[in-house]
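Undergrad: Next input, structure requested:
(one chain, ligands or ions: 2)
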Amino acid sequence: MSCHGSGNQSVAVDNKIKILLMGNPNVGKSVIFSKLTGVHVESSNYTGTTVDYTLGEINFKDREGVMIDVPGTYSLEASSEAEEVAVALLEEGADAVICVLDATHLDRNLDLAFKLKEHSIPIIYCLNLMDVAERQGITIDTEKLSKELDGPVISTVAIKNIGLQDLLKKSIELAGTARTPEPELDDKDRWNKINKIVDKVQSKVEKEPTFIEKLENWTIQPWPGIPIAFLVLIISLGVVVGGGKGLRSLVLLPLVKKVIVPLFTTIVSMIVPAGLLRNLLVGEFGILIIGIEWPFALILPYVLLFYIVFSFLEDSGYLPRLGVLADGLLKRIGIQGGNIIPIMMGYGCAVPAILGTRAATTYKERLMVAALVSFAIPCASQSGAFIALLGDRSIAALVLMYLISFLVIVMVGIVMNRVIPGKSQPMLLEIPNLLMPDKSAFKKKLKIRMKHFLLEAEVPMMLGILLAAIVAETGILDKFSIWLGPLVEGWLGLPKEASLSLLLGIIRRELAVLPLLELNLNTLQLLVGSVVALFYLPCLSVFAVLAKEFSLKTAIAIGIATTVSAFVFAGLINQIGRLILAIV
Ligand SMILES: Nc1nc2c(ncn2[C@@H]2O[C@H](COP(=O)(O)OP(=O)(O)OP(=O)(O)O)[C@@H](O)[C@H]2O)c(=O)[nH]1
Ligand SMILES: [Mg+2]
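TA: Ligands and ions are numbered 1, 2, ... in the order given. Purely as a prediction, here's the structure:
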């Protein structure tokens, strides 16, 4: 059983042992949870991966219980929505708390441990990331630590499943026992106590820094961090764009065009008589022709490669380092460097990116990041469509489109920073250790993301294509085109058939791009069409998540703002482009 919570709802669990997994962000709680309950939850090497709780069942011998993966928190004074969830869960009570400690940052982690001690729930301390601590020359005497904390301490390497069964056993044994809450200490006393404990239990041998440790330092300083960031960007783009193009033109397109499409056409022509139904199936916009080619041969390779690269960057711990380097730039538009993670996530899909903003410390920042992501950041499917559309004709046009997107992000950021009341607050941007991504976790993550893409994107895409086939076959498209003529043909300089993009773009963002593939456009028209698609309406799922996380009014306001921008910017590019072409 698994259950994902949302916000403030209470977790009622009848007669079962209830164990909370708590700790600072990025200490391995979600990995421990997934291994002990068998319920997969996302883990990543940065703070704030888990922004809501998940419930899973645990069994040990004949005892049954539930475990709850709680969002990471530094203190028990909630400073973000994700932390609010953590505090609410603790206040609701449990039979035991597993306090997960990062063995490489014992002092900082003990701060939360002492805060938990002020509650009466029994605590089991899980000293995780012991492999990384060892790599860094850190040894911790767990027996001494256990004495100091007056509770069991179990050392673990969660990703290798080391120590987790012991942890579960101890937690179940201790669940429900009584513990006297300890008095609250003021900050100074608490830190004195923590420092004394760390001195007693921890020893560190100074070693010559390893290459990874050197890289850890290099990647957060402007030199050589910025050149490294560019290198990472170029390699990532090479893999996604180059690899995607190769996969598409060498494997998928020939397979679809030479094998699947002729096969379907032959079968359908044999069974279905010529007419509307046959056209819907295998005609110009046939669901069995375009419905297979667009999602599987054009979009899928880019989405797959994007998630391979992104998941690698995510699990290696590199993304927050980019946040440090971009902090200065992002601060100018009123957001902290840590928000680079939801922004980068937006290049995959805006939905998890908007949910990820729950880790931001102020409402203003949450709203700004969510709006930026909905505004001008193309999702992976849309990028795939752009590469398919522009990449083959003109790489310069493709680069120009991403530059426009970047410029608009900066402009929108500056405007929102002025208009939205409130201030952004310094956000604790913790820099994780650089880690080699765990293979099995990586594979699982990729599988889940691709499954999600197939269900959430491919199905609506095929429905959109069916709609396209219907409007094209029934003549509705012609009427729609006449109606939109002044806008599409006059202002944007596109052929009237491009109206189909506007119609389908309501369903999914990449569907605002793909119909343009069939229209023989010149490079300027391609760029104009792409810019319309870039800003056009957020897709339905993004609209829904904006309404849920903020309000319907906010979702509508963002939708109107992006759509108006789509026509204004694209039209201006068309008019200016024509002027330039006329002069040249
Ligand atoms: N090397 C190593 N990596 C680990 C270990 N435990 C977890 N990790 C990695 O540490 C990172 C953080 O793990 P998560 O489980 O996402 O951390 P979390 O505590 O749930 O973080 P939040 O959800 O942000 O609070 C991931 O990249 C894990 O693969 C471990 O024992 N050793
Ligand atoms: Mg987590």
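Undergrad: Going by C-alpha atoms from here, please, whenever you check contacts or count neighbours.
TA: Fine.
Undergrad: Am I right that V532 is in contact with A570?
TA: Yes - look at V532 against A570 with C-alpha atoms under 8 Å: they come within range, at 5.6 Å.
Undergrad: Quick one: neighbours of N279, just the number.
TA: Counted with other C-alpha atoms under 10 Å, residues neighbouring N279 total 22.
Undergrad: Output the contacting helices and strands for the strand or helix carrying it.
TA: Assigned by DSSP states H and E, N279 belongs to helix 276-282. For helix 276-282, the packing partners by 3 or more C-alpha pairs under 8 Å, 6 or more residues apart in numbering; DSSP states H and E come out as helix 261-271, helix 459-474.
Undergrad: Format these as JSON lines; extra columns: mean pLDDT and mean neighbour count.
TA: Shown next, in JSON lines, are the helices and strands packed on helix 276-282 (pLDDT from 0 to 100; neighbours: other C-alpha atoms under 10 Å):
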{"stretch": "helix 261-271", "mean pLDDT": "93", "mean neighbour count": "14"}
{"stretch": "helix 459-474", "mean pLDDT": "85", "mean neighbour count": "19"}
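Undergrad: wait, which of the ones you listed is closest to ligand 2?
TA: helix 459-474 (29.4 Å; C-alpha to the ion).
Undergrad: residues in contact with the helix or strand following the closest one?
TA: Next along the chain after helix 459-474, taking DSSP H and E as the criterion, comes helix 476-485. Helix 476-485 has contacts (C-alpha atoms under 8 Å, 6 or more residues apart in numbering) with 471-472, 496-497, 499-500.
Undergrad: Let me see the mean pLDDT of helix 476-485.
TA: Taken as a whole, helix 476-485 has an average pLDDT of 88.
Undergrad: Alpha carbons of it, as PDB, please.
TA: C-alpha atoms of helix 476-485 as PDB (Å, rounded to 0.1, in the frame of the first residue of the first chain):
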ATOM      1  CA  ILE A 476     -14.200  22.600 -39.200                       C
ATOM      2  CA  LEU A 477     -10.500  23.600 -39.600                       C
ATOM      3  CA  ASP A 478     -11.300  25.700 -42.600                       C
ATOM      4  CA  LYS A 479     -13.900  27.700 -40.800                       C
ATOM      5  CA  PHE A 480     -11.600  28.100 -37.800                       C
ATOM      6  CA  SER A 481      -8.800  29.200 -40.100                       C
ATOM      7  CA  ILE A 482     -11.000  31.900 -41.700                       C
ATOM      8  CA  TRP A 483     -11.900  33.200 -38.300                       C
ATOM      9  CA  LEU A 484      -8.200  33.300 -37.200                       C
ATOM     10  CA  GLY A 485      -7.000  34.600 -40.600                       C
END
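Undergrad: Just checking stretch 15-35 against ligand 1, any contact.
TA: Yes - Stretch 15-35 lies within reach of ligand 1 by C-alpha under 6 Å from any ligand atom, at 25-31.
Undergrad: Up against ligand 1, what does the protein have?
TA: Selection of the chain residues close to ligand 1 by C-alpha under 6 Å from any ligand atom yields 25-31, 43-45, 47-50, 71-72, 128-132, 157-159, 315, 438.
Undergrad: which of those count as buried?
TA: For those, a burial check counting by 16 or more other C-alpha atoms under 10 Å picks out 25-31, 43-45, 47-50, 71-72, 128-132, 157-159, 315.
Undergrad: sorry, back to before: I'd like the residues of stretch 15-35 next to ligand 1 laid out as a markdown table, including pLDDT, secondary structure and distance to L325.
TA: A markdown table is the format used below for these (pLDDT from 0 to 100; DSSP: H, G, I helix; E, B strand; the rest coil; distance: C-alpha to C-alpha, whole Å):
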| residue | pLDDT | secondary structure | distance to L325 |
| --- | --- | --- | --- |
| P25 | 93 | coil | 21 |
| N26 | 94 | coil | 20 |
| V27 | 96 | coil | 23 |
| G28 | 96 | coil | 25 |
| K29 | 97 | helix | 27 |
| S30 | 95 | helix | 27 |
| V31 | 96 | helix | 28 |
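Undergrad: Work out the gap between stretch 259-277 and the centre of the chain.
TA: Taking the mean of its C-alpha atoms, stretch 259-277 sits 40 Å from the chain's own mean (C-alpha atoms, centre = their mean, to the nearest Å).
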